[in-house]
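Asks: sequence and predicted structure, then a few things I'm wondering about:
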Amino acid sequence: MAREKTIGKKVSCRGIGLHSGKNIHLNLLPAKPGDGIVFVRTDIGRTAIPANEAHVLPSQFSTIIGAKGATVQTVEHLLAAVAALEIDNLIIELDGPEVPAMDGSASPFISLLLDAGTTTQAKERPFIEILKPLRISEKGKSITIRPSSTFEVLYKIDFDHSVIAKQSYHYWHSPQAFIRDIAPARTFAFLKDVSYLQSQGLAMGGSLDNAVVIGDSSVLNKQGLRYSDEFVRHKVLDLVGDFSLLGRPILGRVEANCSGHQLHVALVKEIFKNKKAWRMVSAPASQETHPKKYPIPSYQSIPLPA
């Protein structure tokens, strides 16, 4: 049967927080079986914040968790990488209020985790199997989860902007698929919104180095896009990270329509509330080749038409 995993050694990185603008040092360390994913604020008395739905705080532009007066912002990209590589137990130390943005995607965290390697632990790895559909909707946006033999995501977005417009992506989970098709997709923002976000204390560390910035009619990043549909792929990335707050891998099909962090987390909480909609099951060990044999792609920039 599938067994829990942690990383093989300590690894570290440093970078700017997308919203806080602070220079943050981050350590990833092995954890014991059953410990789960735990953030530790080393600058606030080593306050521990478990990465689960019980510790999620209200937020719109990123996912924030908190405990005992300490918070960590923008956890979703790192958590997506951790979940995609099927790591169950991990200590995440950081000396500030936010996970570093790196390049705005999950690829730098994938690289860090692959460098650390994984260690299989003795504890069995249970899965949450969805038994009946659950749905959350709000102001024309919706997210639904249905039974499935695997974890899959069908995501649709529709922006009133010619650069994005309508996009959809169907993702079936595997470490290889995430590394190849999802991890490199970067967070994005509209130039017209930056001043407002900064007036609210957000996007203080945002730049063309850690986000795709969209102007009136084009992407402002000189290198263009990594995928023609990079925007919807990043939404899938966010959802993978947010759904890791369930604390267990999931067997279910998520259908998201113009959704975002708030609805992702709302559905996670709805799953926990509806105990009859799911059950804990064992699952066979993955038969896939270790993802280290699938290096992060050297993405070719995709320029947008003039």
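Replies: That came in fine, so what should we check first? Computed from a predicted structure; not experimentally measured.
Asks: please enumerate the helices of the stretch 151-300 of the chain.
Replies: Ranges of helices within the stretch 151-300 of the chain are 175-177, 191-199, 230-243, 261-273, based on DSSP state H, counting those that start in this stretch.
Asks: the shortest one: which residues count as buried?
Replies: What that stands for is helix 175-177. Of the residues in helix 175-177, 175, 177 count as buried by neighbour count, 16 or more other C-beta atoms under 10 Å. Any C-beta I mention is one placed from the backbone N, CA and C, and that applies to glycine too.
Asks: what lies in contact with stretch 197-209?
Replies: Stretch 197-209 is contacted by residues 16-22, 61, 101, 103-104, 189, 194, 213, 220-222 when judged by C-beta atoms under 8 Å, 6 or more residues apart in numbering.
Asks: cool, stretch 147-162 as well?
Replies: 129-133, 164-173, 190, 214, 217, 231-232, 235-236, 239-240, 249-259.
Asks: before we move on, back to that, from the contacts of stretch 197-209, which ones fall inside strands?
Replies: Here DSSP state E is the test, and the contacts of stretch 197-209 give 16, 189, 213 as lying in strands.
Asks: neighbours around the second one, how many?
Replies: By the other C-beta atoms under 10 Å criterion, the neighbourhood of residue 189 contains 18 residues.
Asks: hang on, isn't it packed against residue 213?
Replies: Yes: using C-beta atoms under 8 Å, residue 189 is in contact with residue 213, at 5.9 Å.
Asks: just to revisit the earlier point, looking at the helices of the stretch 151-300 of the chain, which has the lowest confidence?
Replies: When the helices of the stretch 151-300 of the chain are compared by mean pLDDT, helix 191-199 comes last with a mean of 92.
Asks: list the buried residues of that one.
Replies: For helix 191-199, a neighbour-count test (16+ other C-beta under 10 Å) marks residue 197 as buried.
Asks: output it as PDB, nothing but the C-alphas.
Replies: Backbone C-alpha positions of helix 191-199 (Å, rounded to 0.1, in the frame of the first residue of the first chain) are rendered in PDB as follows:
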ATOM      1  CA  LEU A 191      -1.400  46.500 -14.500                       C
ATOM      2  CA  LYS A 192      -4.500  48.700 -13.900                       C
ATOM      3  CA  ASP A 193      -5.000  46.900 -10.600                       C
ATOM      4  CA  VAL A 194      -1.500  47.200  -9.200                       C
ATOM      5  CA  SER A 195      -2.000  50.700  -7.700                       C
ATOM      6  CA  TYR A 196      -5.100  49.600  -5.800                       C
ATOM      7  CA  LEU A 197      -3.500  46.400  -4.600                       C
ATOM      8  CA  GLN A 198      -0.500  48.300  -3.200                       C
ATOM      9  CA  SER A 199      -2.800  50.800  -1.500                       C
END
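Asks: circling back to that earlier point, with respect to residue 272, which of the ones in strands among the contacts of stretch 197-209 is nearest?
Replies: Residue 272 lies nearest to residue 189 out of those, by C-beta to C-beta, at 30.9 Å.
Asks: pull up the gap between that closest one and residue 212, please.
Replies: For residue 189, the distance to residue 212 (C-beta to C-beta, to the nearest Å) stands at 8 Å.
Asks: for residue 21, same thing?
Replies: Distance of residue 21 to residue 212, computed by C-beta to C-beta: 19 Å.
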